[in-house]
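Visitor: The sequence and its predicted three-dimensional model are supplied below.
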Amino acid sequence: QVQLVESGGGLVQPGGSLRLSCAASGFTFSNYWMYWVRQAPGKGLEWVSAISTGGGNTYYAGSVKGRFTSSRDNAKNTLYLQMNSLKPEDTALYYCVRDRGGDYSNTFDFWGQGTQVTVSS
């Protein structure tokens, strides 16, 4: 069965960095576009980033562009999100998400359980 397991969240001071990881299993990881989606306390879901099957194409929300970098290691079936210059407004539960159709459809079928990122002094 498809599993997506995020890790790497935690408490960090403003201006700090974190790297999130998402270990994928149960499907051919290299065939799917992947995404990061977050949900801040009391708010709706926010699309953060997308990465193509080979990792050569990435897209970001305006709120994180220039600070966050998504990457993947298909040999390890792992998705990453490097987050730099973190701000308090980046505080959220971060989800690793699979594209429903494999290609860049921006619709999702499987979600991880999420990893909490808290940016606070």
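Guide: Sure, I can see it.
Visitor: Which parts of this structure are strands?
Guide: Taking DSSP state E as the criterion, the chain contains strands spanning 3-7, 10-12, 18-25, 34-39, 45-51, 58-60, 68-73, 78-83, 92-99, 108-111, 115-119.
Visitor: and those strands as CSV, adding mean pLDDT and mean neighbour count?
Guide: To be clear about C-beta, it is placed using only N, CA and C from the backbone, and glycine gets the same treatment. Listed next are the strands of the chain as CSV, based on pLDDT from 0 to 100; neighbours: other Cβ atoms under 10 Å:
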stretch, mean pLDDT, mean neighbour count
strand 3-7, 98, 17
strand 10-12, 98, 14
strand 18-25, 98, 19
strand 34-39, 98, 22
strand 45-51, 97, 19
strand 58-60, 98, 16
strand 68-73, 98, 18
strand 78-83, 98, 22
strand 92-99, 98, 22
strand 108-111, 96, 16
strand 115-119, 98, 18
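Visitor: Would you enumerate the residues in contact with Thr58?
Guide: Ser49, Ala50, Ile51, Ser52, Thr69, Ser70, Ser71 (Cβ atoms under 8 Å, 6 or more residues apart in numbering).
Visitor: partners of it in the sheet?
Guide: Ile51 (DSSP bridges).
Visitor: cool, Phe108 as well?
Guide: Beta-bridge pairing for Phe108 (DSSP bridges): Asp99.
Visitor: what's the spacing between it and Ser17?
Guide: 26 Å (Cβ to Cβ, to the nearest Å).
Visitor: Same check on Arg72?
Guide: Distance from Arg72 to Ser17, by Cβ to Cβ: 19 Å.
Visitor: Can you pull up the most central residue in this structure?
Guide: What sits nearest the mean C-alpha location of the chain, by Cα atoms, centre = their mean, is Trp36, with 2.7 Å.
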